[in-house]
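[1] my questions are about this predicted structure, shown below with the sequence.
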Amino acid sequence: MDTNCGPLVKTQAKMQYAENEMLGLRKGPWTLDEDTILLNYITTHGEGHWNSLARSAGLRRSGKSCRLRWLNYLRPDVRRGNITLQEQILILDLHSRWGNRWSKIAQHLPGRTDNEIKNYWRTRVIKQAKQLRCDVNSKEFRDTLRYVWMPRLLERIQPASQILQPQIKLDPGPTQIQGFHGLDSVTPAGSFSDSSSVELHSDCSGSGLDPWEEGNGGGEWLESLWNELEIKYSSLP
DNA sequence: AACAGTTTCAACCGCTTTATC
DNA sequence: AGATAAAGCGGTTGAAACTGT
């Protein structure tokens, strides 16, 4: 991120901080009471204009803090719980296309917040990269994600998917993943869809390590992966 | 049971972008 | 056109929860 900013902006930030300090605004974890107040207020008056909302609701919180609490926690459509296999595939794929554009990625995972996806990426994917001694931004790691881990995830959800989509076949190895051609037809900058014949030489591959071995809410996502992916991808730019 | 080390994730911070006056 | 406010984004932090010894 470009960290250059003018002295005016810095001054504004400092003034905002000083103002918050003077107003004695609360920080840290939200209490049940605060949640209730915020929820009730938004239910009645709607969201937006967060600074004035915070004041009107009688919350000793910054508008920013209220907005974040609402978006990441209190919103009724926020989905909680384990990231499903389908969601994992989506995250991996969309991240390969867009990088750390968390909010953009989150738009394609209904009910998931950018914060949650970002946390998932940092705690699971980056952790795996470290264990494999890979740079998470390296081509090797990205190819491993796409050509080793994503097919594995697909294999896992395939039995359920086959019930509805028996024509789907998984093509193992470092080749195109069937079902993702639609994605690859869109080639944004930074995508690596041009590596369809890539060979994996990195230590990342064939390690036997499977980052998704542990519980993932299996069984609750028996709807068709492909139907879901089609819906998601059809809305991509 | 107690402690240390690790992981997770809610919340914050600094900054940019967008909207409004 | 410029100033200001509000909204939004991505990176980071720290406390709670979890795990291992």
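    Good, I have the coordinates.
[2] does residue A:111 sit in a helix or strand, and which one?
    In the assignment (DSSP states H and E), residue A:111 maps to no helix and no strand.
[3] what sits closest to it if chain neighbours are left out?
    Ranked by C-beta to C-beta, 6 or more residues apart in numbering and with sequence neighbours excluded, the top spatial neighbour of residue A:111 is residue A:79, at 3.0 Å. In short, each C-beta sits where N, CA and C put it, glycine included.
[4] so where does that neighbour fall, helix or strand?
    Mapping residue A:79 onto the secondary structure by DSSP H and E places it in no helix or strand at all.
[5] next one: residue A:157
    Taking DSSP H and E as the criterion, the element that holds residue A:157 is helix A:150-164.
[6] that helix - what's its average pLDDT?
    Rounded to a whole number, the mean pLDDT of helix A:150-164 is 65.
[7] I'd like to know how many residues surround the residue nearest to residue A:111.
    A total of 14 residues lie near residue A:79 under the criterion other C-beta atoms under 10 Å.
[8] thought it was touching residue A:112?
    Yes - counting by C-beta atoms under 8 Å, residue A:112 is a contact partner of residue A:79 at 5.9 Å.
[9] so which elements touch the helix or strand hosting residue A:87?
    When elements are assigned from DSSP H and E, residue A:87 belongs to helix A:85-98. The elements that helix A:85-98 packs onto, with contact taken as 3 or more C-beta pairs under 8 Å, 6 or more residues apart in numbering; DSSP states H and E, are helix A:102-106, helix A:114-120, helix A:150-164, helix A:225-234.
[10] that one near DNA strand C anywhere?
    No - judged by C-beta under 7 Å from any atom of the strand, helix A:85-98 and DNA strand C are separated, with a smallest distance of 7.7 Å.
[11] may I have that helix exported as CSV, CA atoms only?
    Only the C-alpha atoms of helix A:85-98 are listed here, as CSV (Å, rounded to 0.1, in the frame of the first residue of the first chain):
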residue,chain,number,x,y,z
LEU,A,85,-14.6,-26.8,1.1
GLN,A,86,-16.4,-24.9,-1.6
GLU,A,87,-15.6,-21.7,0.1
GLN,A,88,-11.9,-22.7,0.4
ILE,A,89,-11.7,-23.4,-3.3
LEU,A,90,-13.3,-20.1,-4.1
ILE,A,91,-10.9,-18.2,-1.8
LEU,A,92,-7.9,-19.9,-3.2
ASP,A,93,-9.0,-19.3,-6.7
LEU,A,94,-10.1,-15.7,-6.3
HIS,A,95,-7.0,-14.9,-4.4
SER,A,96,-4.9,-16.2,-7.2
ARG,A,97,-6.7,-13.8,-9.5
TRP,A,98,-7.0,-10.8,-7.3
